[in-house]
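Q: coords please:
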Amino acid sequence: MITAGIFKANDIRGVIGAPGAEWDLDGVRAVGAAFVEVFGLAGAEFVMGRDMRVTGAEVAAAFAEGARAQGASVVDAGLTSTDELWFASGTLGLHGVQFTASHNPAEYNGVKFCLPGAAPVPADALVAMRDAALGARPAPASEPGGYRTVDVLDAYVAHLHHLVDLTGLRRLKVVVDAGNGMAGLTTPAALGSLDLDLVGLYLDLDGTFPNHMPNPLIPENLLDAQAAVREHGADVGLVFDGDADRCFIIDERGEVVSPSIVTAMIATQELAREPGGTIVVNKITSRSVAEAVDAAGGRLVVSRVGHTSVKAHMAEHDAVFGGEHSAHYYFRDFWGADTGMLAGLHVLAMLGRGEASMSELAARYAGWEPSGEINSTVPAVAPVLDRVRAAFAGRGTIDEEDGTTISTDDWWVNVRPSNTEPLLRLNVEARDAATMAALRDEALAVIRGGNDE
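A: Below you'll find the model as predicted:
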């Protein structure tokens, strides 16, 4: 069983093995067969990894069964963070498959894909796989594919340490909240050899998420790390999502550092290493990043939201670094892919090289007041966007590149549909808090008012 709705813009994600299931193991086998068909992998190898979700092992096994039946051979990396799987694809030069539902609840599982070298799959690949998986199952290959295992954790850590100068740092006290996700595996390996006073929260791998959901975009899921930073007098906190490809930063006061500010910080460091380089951001990243990139002599490229689009822009423009508002950070030296752990190491290096606190470092890139992302459930998207355009007509430049954006020199408002849920997402930013709040409230009234049935 498989439903078309699990195929999202950037990956596959749906409920499995629970009430309201959207796919089952036979559906996973169909996706494995479709993957081989769409990418022409009969007679070739691909590498796969999985996160700690309860259904992870059986989902990985079913996918491998479907793929091997079509003649593809499996290189199984076992338990991996998503960025560890990108590393495996990059070093082995193979198509990659990661079984994860990232920050979704425990009853979900899903699949992320990449081309060899951790390159993004084409925009139409998920559509092609959907059509193939929902169609008739192809006849099995005359010779099934093979199977072997590989362990890439040590090599992954060595590569990360090669990309960041971690020598000569002052001793830092660091809180790490893995949320019972894959950072519980990668944190001891990546940080254990450093001269740090490490305070670990929820490092045990547990796909039932007994402590809090592995979604750091929701403020309540940051509370434990914030409290631990204050309690232990830590210099900084790192909070990872379930598959550890995202990393949120908590300053020494227990306050969240905006991912846009982290993007500006790392971008400045990367541009010091490569003057005139290109930085990629998405449509709703703070203008503080644009100002930092301009001050550092870099070039800014704006992408649609989502890792597939950002990675494609990274490759197209040979960008040295990219960042998103959701705390995805992309590095050219990491095959243009996103990695939460490498971003965390960059922050530790910047913090440890000087005497400034985390909040003092972040303050250097302040100057814009963000609303944060606010979601609204709407019965129909198009009429609401029409209302937004009408309400803000004549007040700024309107851009339809990724949702609807109205902007001036002093503020911007973006309303865009979710790629995965029946939601509209609002982001507002202004040079002062009062203007931001007024625009936010006005936009929410427009979005949530009226009748769009």
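
Q: and the pLDDT at the closest residue to Asp333 other than its chain neighbours?
A: Of all residues beyond its chain neighbours, the one nearest Asp333 is Leu163 (5.2 Å), with distances taken as Cβ to Cβ, 6 or more residues apart in numbering. C-betas here are computed from N, CA, C, even on glycine. Listed pLDDT for Leu163 reads 96.

Q: was I right about Leu163 contacting Thr339?
A: No: counting by Cβ atoms under 8 Å, Leu163 does not reach Thr339; the two are 9.4 Å apart.

Q: list the buried residues in the helix or strand of the chain with the lowest mean pLDDT.
A: Every helix and strand of the chain was ranked by mean pLDDT, DSSP states H and E. The lowest is helix 307-316, at a mean of 89. Under the neighbour-count criterion of 16 or more other Cβ atoms under 10 Å, helix 307-316 has 307-315 buried.

Q: between those residues, which sits nearest Glu58?
A: Proximity of the buried residues of helix 307-316 to Glu58 (Cβ to Cβ) peaks at His307, which lies at 25.9 Å.

Q: pretty sure the closest one is touching Pro120, no?
A: Yes: using Cβ under 8 Å, His307 makes contact with Pro120 at a distance of 7.3 Å.

Q: how many other residues sit next to Lys283?
A: 20 (other Cβ atoms under 10 Å).

Q: so who does the residue nearest to Asp333 touch?
A: 331, 333-334, 342, 345 (Cβ atoms under 8 Å, 6 or more residues apart in numbering).

Q: related to what we said a few turns ago, mind putting the buried residues of helix 307-316 in JSON lines, distance to Ala30 included?
A: Below are those laid out as JSON lines (distance: Cβ to Cβ, whole Å):
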{"residue": "His307", "distance to Ala30": "24"}
{"residue": "Thr308", "distance to Ala30": "22"}
{"residue": "Ser309", "distance to Ala30": "27"}
{"residue": "Val310", "distance to Ala30": "29"}
{"residue": "Lys311", "distance to Ala30": "26"}
{"residue": "Ala312", "distance to Ala30": "27"}
{"residue": "His313", "distance to Ala30": "32"}
{"residue": "Met314", "distance to Ala30": "32"}
{"residue": "Ala315", "distance to Ala30": "30"}
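
Q: now for Gly233: which residues touch it?
A: Counting by Cβ under 8 Å, 6+ apart, Gly233 makes contact with 173, 252.

Q: for whichever strand or helix holds Ala33, give me every contacting residue.
A: Using DSSP states H and E, Ala33 maps to helix 25-39. The contact list for helix 25-39, computed with Cβ under 8 Å, 6+ apart, reads 1-2, 12, 16, 23, 41-42, 46, 58-59, 62-72, 95, 97, 111, 113, 115, 125, 128-130, 132-134, 137-138.

Q: 6 Å instead?
A: 1-2, 42, 59, 62-63, 65-67, 70, 72, 95, 128-129, 132-133 (Cβ atoms under 6 Å, 6 or more residues apart in numbering).

Q: and that helix, how far out from the chain middle?
A: Centroid displacement of helix 25-39 relative to its chain, using Cα atoms, centre = their mean, to the nearest Å, is 24 Å.

Q: please apply the same query to stretch 122-133.
A: Taking mean C-alpha positions (Cα atoms, centre = their mean), stretch 122-133 and its chain are 21 Å apart.

Q: export it as CSV, just CAs?
A: The C-alpha coordinates for stretch 122-133 follow below in CSV (Å, rounded to 0.1, in the frame of the first residue of the first chain):
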residue,chain,number,x,y,z
PRO,A,122,16.3,16.7,-10.3
ALA,A,123,13.1,18.6,-9.5
ASP,A,124,11.0,16.0,-11.3
ALA,A,125,12.6,12.9,-9.8
LEU,A,126,10.1,12.6,-7.0
VAL,A,127,7.2,12.8,-9.4
ALA,A,128,8.7,10.1,-11.6
MET,A,129,9.3,7.9,-8.6
ARG,A,130,5.7,8.5,-7.5
ASP,A,131,4.3,7.5,-10.8
ALA,A,132,6.5,4.4,-11.0
ALA,A,133,5.8,3.3,-7.5
